[in-house]
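> from the sequence below, what's the structure:
(4 chains)
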Amino acid sequence: MNFAVFSEYLERIEGTTKRLEITAMLGEMFNALAPDEIDKVCYLLLGKIYPDFVGIELGIADALIQRALSIASGLKIEIVSEVLKNEGDIGTCAENVIRQKKQTALFSEPLTIERVYGNLCKIAESTGSGSQDYKLKLIAEMFHDAQPLEARYIARILAGSLRLGIAESTILDALAIVFLKDMEKNVARELLEDKYNLCSDIGLIAKSVKAQGMKGIENIGLKIGVPIRAMLASRAASMEELFDRMGKFAGEYKYDGLRIQAHISNSDIKLYSRRLENLTEQFPDVIRNLRSAFRGREGIFEGECVPIDPDTDEMLPFQEVSKRRGRKYGIEETMKQIPVCLFLFDCLYLDGREYLKNSYLERRKALETAFVETEHVKFSHMKIIEDMAECEQFFNEAISAGCEGIMAKNTGPEGVYKPGKRGFLWLKYKREYKSELADTLDLVVLGAFAGKGRRAGTYGALLTGVYNPEKDTYETICKLGTGFDDATLSQMPQKFATLTVKSRPKNVISKMEPDFWFVPMVVVEVQGAELTISPVHTCGYGIMKEGAGIAVRFPRFTGRWRDDKAPTDATTTGEIIEMYKKQLKRIEERDLPE
DNA sequence: CGTGACTGCCC
DNA sequence: ATTCTGC
DNA sequence: GCAGAATGGGCAGTCACG
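Numbers count the residues shown, from 1 in each chain, chains lettered A, B, ... in the order given. The predicted structure is shown next:
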């Protein structure tokens, strides 16, 4: 298919927000594609070229796309940046830039899906010295041959998202409608999803059903070594909600670490992340520990990988295990510095038997027969919770143990493992949801960043900070980009218009450069999960750690502007330092169970 | 050879 | 991760 | 209630550049 035709389909889809219309148009396009195109198109629709678990990435985002546009158009990079800032979308930015250039373009080869996809593969494969130039050349070449509309979608694919309201689920809807016509619609959709959840490869699914309908996917099954899409938890607003939704339930500690799916076979063990990236190389210790704790022949299990202090065995902050993720060098040393404990919580497969459709307690039992606990492989702490008092106690124990909160899991027959789903069979209830324990801060708005997509034309995020009364300065502590509703967002530029200044006020200490600077004046209420040591924020710089400040983890707007507060009444650097120390103490003083 | 911009992926 | 919105 | 799209801090790796 010509990329121009593909682009026209996308433009039509972009013209509606109605799910049924999107799905119908998508189906229409799937019908028109060749069998060897549909898999590629599925990846492109998601802004990718392969399934996540393949581990081949484009390595391209906004900054490099702007450079490529600059090359393709001859416009200065600053001009392209300005267009992007105004458009709030890399796609329409590219479209505009290419439209301007088109008058002078002479020869161009029409683009096809094949060619674009092929170029993207070349981009992903190229590495080493000079590779960036080569990538830019390939991109610029596509832009050179692209019509403005094609440029819009090429740019968005490169940036990793088409922003059309299409994700995996919509693709499955469309596939079910057009390629499994002879089956009852809901049955077809469910079957398709089951198969997708087991192979985690949307392209493979699409290609198979396009070629042979149901027959094409009937042989897809759970397979050791092929990651299964992770089941997720919804959040509960209160402890009561846990009981309202499931009566009694299985409570588990919610550990703050990396989610790991372990595939154990006779010959080897593979580890996958929540988004199905291969983590095997980074955790040779986990592999060894699993092997010695495992009592079965083969299986698929899930657990949380938590960093622990090598001397005291206490759980460490999430930041520590982050140092092991994605590491290619110094793996052995880091392994010794930051050992981890794997807290197993689920069994999806064991010795020839699938457990996906079994209830929670059956899976838990299989898990417990499959392993003996060792120093670094344990079962997640679990207790059947029947009433509020038990729940309170369990939650407090979890917090004392250094966990984020608790999980509540449905123990009824309906409580199966639903891959890829975020339903109400699992609920999370975290420390920070509890108002008495929630850290709420009053922060001063120091600047703002231009919004993208639906936030084009307003701010995407605010730069906020604390007040330092000793120095009479404002120090950054976090950006704030979530919790705003549309009305608040649309009024924001107006709200800050009179405070907007051309450059950073002298009393603002920041390593970040927002798109707009403000005179420190407006105070905003912010909720966060905890404080972290920050390489970029300047709050309390150098106090807790040399060359580092303090930041807020998971910051969000509570909906309250503190108009009653002057900027000098905001949370102070000193208060943050105290809070950080208190947080550390909480970790030091807690008693570990056992 | 060190640094900083950029990217992708954890939460 | 959290949050908001259209369907 | 689901699905999708906005957005956060912070880590390691890669590459260009001085």
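
> can you tell me the closest non-neighbouring residue to A:Phe143?
In space, and not counting its chain neighbours, A:Phe143 is closest to A:Ala72: 3.7 Å by C-beta to C-beta, 6 or more residues apart in numbering. Quick note: C-beta positions are derived from backbone N, CA and C, even for glycine.

> can you list the buried residues in the strand or helix carrying that neighbour?
With secondary structure defined by DSSP states H and E, A:Ala72 is part of helix A:62-73. For helix A:62-73, the neighbour count (16 or more other C-beta atoms under 10 Å) marks A:Asp62, A:Leu64, A:Ile65, A:Gln66, A:Arg67, A:Ala68, A:Leu69, A:Ser70, A:Ile71, A:Ala72, A:Ser73 as buried.

> got it, and stretch A:85-99?
Quick answer for stretch A:85-99 (16+ other C-beta under 10 Å): A:Glu87, A:Gly88, A:Asp89, A:Ile90, A:Gly91, A:Thr92, A:Cys93, A:Ala94, A:Glu95, A:Asn96, A:Val97, A:Ile98.

> count of residues packed around the residue of chain A found nearest DNA strand B?
Closest contact between chain A and DNA strand B, by C-beta to the nearest atom of the strand, is at A:Glu277 (2.8 Å). Other residues near A:Glu277 come to 16 when the count uses other C-beta atoms under 10 Å.

> now do the contacts for it.
When contacts are counted by C-beta atoms under 8 Å, 6 or more residues apart in numbering, A:Glu277 touches A:Asp52, A:Phe53, A:Gly55.

> look at the second one and give its secondary structure.
This points to A:Phe53. Secondary structure, DSSP: H, G, I helix; E, B strand; the rest coil: A:Phe53 is helix.

> please list all residues in contact with it.
A:Ser200, A:Pro227, A:Tyr272, A:Leu276, A:Glu277, A:Asn278.

> can you give me the neighbour number for A:Ala389?
So A:Ala389, with other C-beta under 10 Å, has 9 neighbours.

> kindly report the same for A:Glu82.
Residues lying near A:Glu82 (other C-beta under 10 Å) number 13.

> is it within a helix or a strand, and which one?
Counting by DSSP H and E, A:Glu82 is found in helix A:77-87.

> helices and strands around that helix, which ones?
Judged by 3 or more C-beta pairs under 8 Å, 6 or more residues apart in numbering; DSSP states H and E, helix A:77-87 is in contact with helix A:62-73, helix A:90-102.

> residues from the stretch 1-150 of chain A in reach of DNA strand D?
Counting by C-beta under 7 Å from any atom of the strand, the stretch 1-150 of chain A comes close to DNA strand D at A:Ser126, A:Thr127, A:Gly128, A:Ser129, A:Gly130, A:Ser131, A:Gln132, A:Asp133.

> in those, find the pair that's most separated.
Distance extremes for those: the farthest pair is A:Thr127 and A:Asp133 at 12.5 Å, using C-beta to C-beta.

> which residue packs closest to the residue most central in space within chain A, ignoring adjacent ones?
Centroid-nearest residue in chain A: A:Arg275, 8.1 Å away (criterion: C-alpha atoms, centre = their mean). Leaving aside its sequence neighbours, A:Arg275 sits nearest to A:Asp52 (C-beta to C-beta, 6+ apart; 5.4 Å).

> what's the pLDDT at the one you found?
What the model reports for A:Asp52 is a pLDDT of 93.

> same check, this time on A:Glu594
38.

> again, but for A:Thr476
98.

> can you pull the contacts of it?
Per C-beta under 8 Å, 6+ apart, neighbours of A:Thr476: A:446, A:463-465, A:508-512, A:536-539, A:549.
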